[in-house]
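# When you get a sec, could you give me coordinates for this:
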Amino acid sequence: MKHIFLSIICLCLFSCSKKKVDQPEAKNPINKEAPQPAKEEPKDAATEKEGPVDKDKEAGADKEAKVPEKAKTFKSLVDQSTRLESLASLDRGRLYLLESQKKNGSWSDHPGITAMACVALLNERAGIDQAVFEKAFDFIRSKISKKGAVQYKAEEDLYSSAVCLYALLIDNKKEDAEQINKLSGYLVRSTQSSGFSYAAAKDSDLSNTHWAIEAIALQETRDSKSKQNPIFWKKIRAFVKSCQLESGAFTYYPVDKRPENPEHPELVQKEIASLSLGALKSLNHASAKKDSVEIKKGFDWFNKNFSVKENSGLKDGGLYYYYYMLSSTMNKYTVKYINKSNWRKQLLIELLGKQKGDGNWVNQNKLWLENDPVLCTSYAIIAMEIALW
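Sure, this is the predicted structure:
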């Protein structure tokens, strides 16, 4: 009996052991739901952030797909800590804009500022209520005259016309094709001595020329039928060059033609960093050679006067316009460092320090409407997004 009992015990032990050997390896339920390949490179923080604007991981993936290939090489220039702080800052800035939109769909009842706010928000379109954009673009469309000019305070406003065209192009809706063609037609007809000004019969200036060229160049990339005659671009190059001083810096008006009644007399013959960057970007749009004398001189001057603390030549005047120009122009020329300085990280840290508690940025200097927090916040958001690419 004892032998029989021992035999039964041995048989049970053998059976359990065999069952354990034959049993397939248990699968981790987390890995089954979200497999993560070994040695995969860390995901960029831009696709993992949380906040009031991000909808889900898919929206982040869509955003990642829009990043140009050349820009991906710059991601390592911003450390993870600065990147995460910046992403949180961007969410606060976007939330401020969303909460600041008026019932009529505008921001500040200004078509140009409304357009800039739209540009600042469109990169996160997937996570934002589409009614925000519908109302905003309805407001913009209501300001476009039959001639194609955007009306502001009962006057044609070239700045607003250019920025509204730019926003409509980024929104990229087929139903806006007619409005886009009207706006671009108005801009091309509005050239004064090969440059652009606030309105007809006013002296052409480098700032309005930049905004017009920015929009016209973008339209050319979207629609091959909208390409301008090479003579147009040749005249633009000539006008931009005419605003360059001996130092290499660019100024608001042409150097050899002092305006009789300038819109901004304080800017005549003044070296200005933001305008120098705008000039360099406009020359790029106009297909100027990168080794041309005017581009080399422009960069030489800027490299000597680079700062994230001020808009060199104007100090705090047009400071957020300068931040926008810094990011967009350096990105256009794929510049990694300025005088061995990591301009991306420096700019991000400076903007992080300037953001207000409610998420906005604002300038105490009212030059170029920068006492409006919506405009400054829009510039800051766009500048930070580009710096984070």
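
# Might you list the low-confidence residue ranges for the stretch 51-200 of the chain?
In the predicted model of the stretch 51-200 of the chain, residues 51-75, 154, 193, 200 satisfy pLDDT under 70.

# so where do the helices sit in it?
With DSSP state H, counting those that start in this stretch, the ranges of helices along the stretch 51-200 of the chain come out as 57-66, 69-72, 80-100, 111-122, 130-142, 158-171, 177-189.

# cool, and the stretch 201-350 of the chain?
Using DSSP H, counting those that start in this stretch, the helices of the stretch 201-350 of the chain run over residues 206-222, 230-242, 273-285, 293-305, 319-332, 343-354.

# any chance of those in a markdown table, with mean neighbour count and distance to residue 191 too?
For glycine as for every other residue, the C-beta is placed from the backbone atoms N, C-alpha and C. Formatted as a markdown table, these follow (neighbours: other CB atoms under 10 Å; distance: least, CB to CB, whole Å):
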| stretch | mean neighbour count | distance to residue 191 |
| --- | --- | --- |
| helix 206-222 | 22 | 8 |
| helix 230-242 | 18 | 7 |
| helix 273-285 | 25 | 13 |
| helix 293-305 | 17 | 20 |
| helix 319-332 | 24 | 22 |
| helix 343-354 | 18 | 33 |
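
# want to throw these into a markdown table with distance to residue 95 and mean pLDDT?
Formatted as a markdown table, the helices of the stretch 201-350 of the chain follow (distance: least, CB to CB, whole Å; pLDDT from 0 to 100):
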| stretch | distance to residue 95 | mean pLDDT |
| --- | --- | --- |
| helix 206-222 | 27 | 94 |
| helix 230-242 | 38 | 94 |
| helix 273-285 | 27 | 97 |
| helix 293-305 | 34 | 98 |
| helix 319-332 | 18 | 97 |
| helix 343-354 | 16 | 98 |
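
# Can I get the ones you listed in a markdown table including distance to residue 135?
Below are the helices of the stretch 201-350 of the chain laid out as a markdown table (distance: least, CB to CB, whole Å):
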| stretch | distance to residue 135 |
| --- | --- |
| helix 206-222 | 22 |
| helix 230-242 | 35 |
| helix 273-285 | 30 |
| helix 293-305 | 39 |
| helix 319-332 | 24 |
| helix 343-354 | 28 |
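
# Looking at those, which is nearest to residue 256?
Nearest to residue 256, of all the helices of the stretch 201-350 of the chain, is helix 230-242, at 6.8 Å by CB to CB.

# Packing partners of the closest one?
Contacts defined by 3 or more CB pairs under 8 Å, 6 or more residues apart in numbering; DSSP states H and E place helix 230-242 against helix 206-222, helix 273-285.

# With only the CA atoms kept, save it in CSV.
Listed next in CSV are the C-alpha coordinates belonging to helix 230-242 (Å, rounded to 0.1, in the frame of the first residue of the first chain):
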residue,chain,number,x,y,z
PRO,A,230,10.6,86.7,-63.0
ILE,A,231,10.6,90.5,-63.5
PHE,A,232,8.4,90.9,-60.5
TRP,A,233,10.9,89.0,-58.3
LYS,A,234,13.8,90.9,-59.8
LYS,A,235,12.2,94.2,-58.8
ILE,A,236,11.6,92.9,-55.3
ARG,A,237,15.3,92.0,-55.0
ALA,A,238,16.2,95.5,-56.1
PHE,A,239,13.9,97.1,-53.6
VAL,A,240,15.1,95.0,-50.7
LYS,A,241,18.7,95.7,-51.6
SER,A,242,17.9,99.5,-51.8
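
# Pull the residues that contact it.
188, 191, 193-195, 204, 206, 209, 213, 250, 254-257, 279, 282-283, 285-288, 294 (CB atoms under 8 Å, 6 or more residues apart in numbering).

# and if we set it to 7 Å?
The contact list for helix 230-242, computed with CB atoms under 7 Å, 6 or more residues apart in numbering, reads 193-195, 204, 206, 209, 213, 254-256, 279, 282-283, 286-288, 294.

# possible to save the helices and strands packed on helix 230-242 as JSON lines with distance to residue 345?
Putting the helices and strands packed on helix 230-242 into JSON lines (distance: least, CB to CB, whole Å) gives the following:
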{"stretch": "helix 206-222", "distance to residue 345": "26"}
{"stretch": "helix 273-285", "distance to residue 345": "18"}
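
# mind checking which of those helices is nearest residue 174?
So among these, helix 206-222 is nearest, using CB to CB, at 11.5 Å.

# what inclination does the closest one have with respect to helix 111-122?
With axes from the mean of the first three to the mean of the last three CA atoms, to 10 degrees as the basis, helix 206-222 and helix 111-122 are set at 50 degrees to each other.

# Centre of the chain to helix 206-222, how far?
The gap between the average C-alpha position of helix 206-222 and the chain average comes to 14 Å, counting by CA atoms, centre = their mean, to the nearest Å.

# Residues contacting that helix, please?
If you take CB under 7 Å, 6+ apart as the criterion, helix 206-222 is touched by 158-159, 162-163, 165-166, 169, 180, 184, 187-188, 195-198, 226-228, 236, 239-240, 243, 250, 252, 275, 278-279, 281-282, 285-286.
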